[in-house]
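In: Have a look at this prediction, sequence included:
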Amino acid sequence: MNTTTFRTDQEFFIDPQRCIGCHACEMACAECETNGQQPMIHVDYVDRYLTPQTSVQVCMHCEDPTCAKVCPADAITKDEFGVVHSANHARCIACSNCVQACPFGVPRKITPMDLMMKCNLCYDRTSVGKRPMCATVCPSGALYYGTREKMRELRPNSTPVNQFRFGQQVVKTKVNIMMPKGATELVVDAQ
Amino acid sequence: MFSTLNIRAALIAGTATLLLVAAILVGSRNLNNFDAALVAYLFGCIFACFAVVYRYCVWLQRPPTWKYFVRGWELLFSRHFVPYVLELVKHLFTQFIGQKFIRNRGTARGVGHMLMAGGCTLAFAVTFPLVFGWVNFQLKPGGIDTYEVYNFGFKVMEFPLHSWVAEALFNALNWSAILVIAGVMIMMRRRLTHAGQIAIQTFEGDWLPLLLLLAISLTGLGISLDYKFMEGKAHQFMAITHAITVILFLIWLPFGKFYHIIQRPAQFGIALYRKAGEAGPQAICPHTKLVYDTKLHVDDVKDVAAEIGFNYARKDGTSHLDYSPQGKRALLAKAHLKARQDSGAFFG
């Protein structure tokens, strides 16, 4: 029980620029049994009236997760592999603090259940050495789960970055975003 | 150990424990109505009281918890308290007693939890007053077939020994054990068969509570089984194992999964807070231009985040947290697109 063969050599790399908005990841995400068959990945049109651009967002599994720190019920925990888990069902009081505080806009509140849920890196799969469902079905390479070496081979002109700047706040994450070669961080709120 | 001791919490917990001891002394009429056979349970309860209050106080000191705690009481004692009291009553019946939110997480899960919660509540209602000597039974003087019930030393009722009232009262803990066992079976089945649960469950967090409830219930039923069908031959074994399991429960109450029993009423505060927020101004996302939450909540989350060391403020005085979740995702996607554009290649 709870024995894990989580592969620490495997990492998650996302490249929103490659997202074609096909929603395959969303369908696959709903297969994850830790989510109760509810999709936790977000596929959005960025600005529907101006551009066909879509984006995909999984939980970035922050090193110092704001969602966990603002939780009044101590319901959100990070494990030894850096996976930030969905709210503990017994503790979550559905206050939505995590939903509002997450800088990436990831957690969802499932109102009828009075529960927060979010992507937990398909822990039922990754804990036994498999890839997250979304990464297995993404046809365009926007979502990739594998070794850093393999990613380097696939995207020679990109650099995986796991540091983000939101206003004054710097956030480091377990999940990487693919940036132009040489980049060290993604500045989201540039002003 | 003492370097991490929370003095304020220890003082409050100490006071609460002294008050409990005083209430036991007064309620049991200077221990005259106290059942000496229950002394081990009594010490378990006193320890649990200190530890539960201590943990609760430490928990309340966290900025997000304190914010909701204060807001909830402010609303309940405000001048316009009527809608909040009504909301509280509604929440009490639908979510707390009815546990609608758990049934919405799954029918079997809802039924299992309802059985366990019902059984435990009944058991608490019987056990604590008995252990504290607040309730005791005596034979009515002048006969051998009528029992009298005393509450805090005052006679509250009497009933014939061979009546349905006697059956219901004397078997209350047996009924509660049957409810808990049925609930535990449903929950164990779920933990053995649900792949998602198997992946994230832990022994101490998920199985131990179920095993402990099962052990308490089985040994409790064992005491009745022993005196009804075994002429009390296994009484010592049954009584001691039952006491051990119950005391383990009491000692573990503040530390493990059972703490959610103490923590869950915080949900009332959230219900009031939500109602207050809905009555006030709403937050509009600068990106989607849509209402996404109450302004009260957004402002409170910003305050709490700042208090615990997160600074999402932008130079123009706004905050990243002013955006809805969808707005935040769009900001990130736009920033990524811009970074790619600036590099001269959209892909790489």
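Out: Arrived safely.
In: Could you report the pLDDT at A:T34?
Out: At A:T34, the model reports a pLDDT of 82.
In: List the residues that contact it.
Out: A:86, A:120, A:122-124, B:196-197, B:199-200 (C-beta atoms under 8 Å, 6 or more residues apart in numbering or on different chains). All C-beta spots, glycine's among them, are computed from the backbone N, C-alpha and C.
In: Of those, which is the most crowded?
Out: Ranked by neighbour count (other C-beta atoms under 10 Å in any protein chain shown), the contacts of A:T34 have A:C122 at the top, with 28 neighbours.
In: Give me the spatial nearest neighbour of it, chain neighbours excluded.
Out: Of all residues not flanking A:C122 in the chain, A:P132 sits nearest, at 3.8 Å (C-beta to C-beta, 6 or more residues apart in numbering or on different chains).
In: What values do phi and psi take at A:K78?
Out: In terms of degrees, to the nearest 10, the main-chain angles of A:K78 are phi -110, psi 130.
In: And A:H42, by the same measure?
Out: Taking degrees, to the nearest 10 as the convention, A:H42 sits at phi -110, psi 130.
In: I figured it hits A:F104, correct?
Out: No: with contact defined as C-beta atoms under 8 Å, A:H42 does not reach A:F104; the gap is 9.0 Å.
In: who touches both of the two?
Out: A:57, B:329.
In: which SSE is the residue nearest to B:V135 when sequence neighbours are not counted in?
Out: Nearest residue to B:V135 in three dimensions, chain neighbours excluded: B:P129, at 4.1 Å (C-beta to C-beta, 6+ apart). Assigned by DSSP states H and E, B:P129 falls within helix B:107-131.
In: follow-up on the earlier one: just flag the most distant two among the contacts of A:T34.
Out: Longest distance between any two of the contacts of A:T34 is 14.4 Å, between A:C122 and B:Q197; criterion C-beta to C-beta.
In: and B:I186, which of the three is it?
Out: Put simply, B:I186 is helix when judged by DSSP: H, G, I helix; E, B strand; the rest coil.
In: so who does it touch?
Out: B:I186 sits in contact with B:108-109, B:111-112, B:115, where contact means C-beta under 8 Å, 6+ apart.
In: One more pass at 7 Å, please.
Out: B:108, B:111-112 (C-beta atoms under 7 Å, 6 or more residues apart in numbering or on different chains).
In: Remind me which helix or strand B:K155 belongs to.
Out: strand B:154-160.
In: Alpha carbons only: can I get that strand in PDB?
Out: The C-alpha trace of strand B:154-160 is given here as PDB (Å, rounded to 0.1, in the frame of the first residue of the first chain):
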ATOM      1  CA  PHE B 154     -30.900  15.100  39.300                       C
ATOM      2  CA  LYS B 155     -33.500  12.400  38.600                       C
ATOM      3  CA  VAL B 156     -34.700  12.900  35.000                       C
ATOM      4  CA  MET B 157     -36.700   9.700  34.300                       C
ATOM      5  CA  GLU B 158     -37.500   6.200  35.300                       C
ATOM      6  CA  PHE B 159     -38.300   3.100  33.300                       C
ATOM      7  CA  PRO B 160     -39.200  -0.500  33.900                       C
END
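In: Now the next helix or strand along the chain from it: average pLDDT?
Out: Going down the chain from strand B:154-160, the next helix or strand is helix B:164-170, by DSSP H and E. Helix B:164-170 shows a mean pLDDT of 92.
In: packing partners for helix B:164-170?
Out: If you count contacts as 3 or more C-beta pairs under 7 Å, 6 or more residues apart in numbering or on different chains; DSSP states H and E, helix B:164-170 packs onto strand B:154-160.
In: Count residues in the vicinity of the residue nearest to A:C122, would you?
Out: A:P132: 26 neighbours (other C-beta under 10 Å).
In: which residues are there in the stretch 101-250 of chain B that come within reach of chain A?
Out: Within the stretch 101-250 of chain B, the residues that sit near chain A (C-beta under 7 Å from any C-beta of the partner chain) are B:101, B:104-105, B:194-196, B:199-203.
In: just for chain A, where's the confidence low?
Out: Scanning chain A with the threshold set as pLDDT under 70 gives A:1-3, A:190-191.
In: how far does stretch B:311-320 stretch from start to finish?
Out: 9 Å (C-alpha to C-alpha, to the nearest Å).
In: does chain A sit close to that stretch?
Out: Yes: for stretch B:311-320, a contact with chain A is found by C-beta under 7 Å from any C-beta, at B:311-316, B:319-320.
In: Now which of the residues you listed would you call buried?
Out: B:312-314, B:319-320 (16 or more other C-beta atoms under 10 Å in any protein chain shown).
In: In a markdown table: these, plus pLDDT and secondary structure.
Out: Shown next, in a markdown table, are those (pLDDT from 0 to 100; DSSP: H, G, I helix; E, B strand; the rest coil):
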| residue | pLDDT | secondary structure |
| --- | --- | --- |
| B:Y312 | 96 | coil |
| B:A313 | 93 | strand |
| B:R314 | 90 | coil |
| B:S319 | 95 | strand |
| B:H320 | 96 | helix |
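In: ok, how many other residues are close to the residue nearest to B:V135?
Out: 16.
In: Test my guess that it contacts B:F137.
Out: No: the criterion here is C-beta atoms under 7 Å, and B:P129 misses it with B:F137 at 11.5 Å.
In: before we move on, what SS does A:V175 have?
Out: strand.
In: buried stuff in stretch A:181-191?
Out: A:183, A:185-189.
In: What separation do you get for the most centrally placed residue in chain A and chain B?
Out: In chain A, the centroid-proximal residue (C-alpha atoms, centre = their mean) is A:C59; its distance is 2.1 Å. In this view, A:C59 and chain B are 12 Å apart by C-beta to the nearest C-beta, to the nearest Å.
In: count of neighbours near the closest residue in space to that residue that isn't next to it in sequence?
Out: Using C-beta to C-beta, 6+ apart and skipping residues adjacent in sequence, the residue nearest A:C59 is A:C119, 3.9 Å away. Look at A:C119: counted by other C-beta under 10 Å, it has 29 neighbours.
In: Assumed A:C119 was part of a helix.
Out: No: with three-state DSSP as the criterion, A:C119 is assigned coil and is not in a helix.
In: isn't it right next to A:M60, touching?
Out: No: at 9.1 Å, A:C119 and A:M60 do not qualify as touching, with contact defined as C-beta under 7 Å.
In: re earlier: now flag whichever of the buried ones among the residues of stretch B:311-320 next to chain A is closest to B:S217.
Out: B:Y312 (49.1 Å).
In: wait, doesn't that closest one sit right on B:Y323?
Out: No: look at B:Y312 against B:Y323 with C-beta under 7 Å: they stay out of range, at 9.7 Å.
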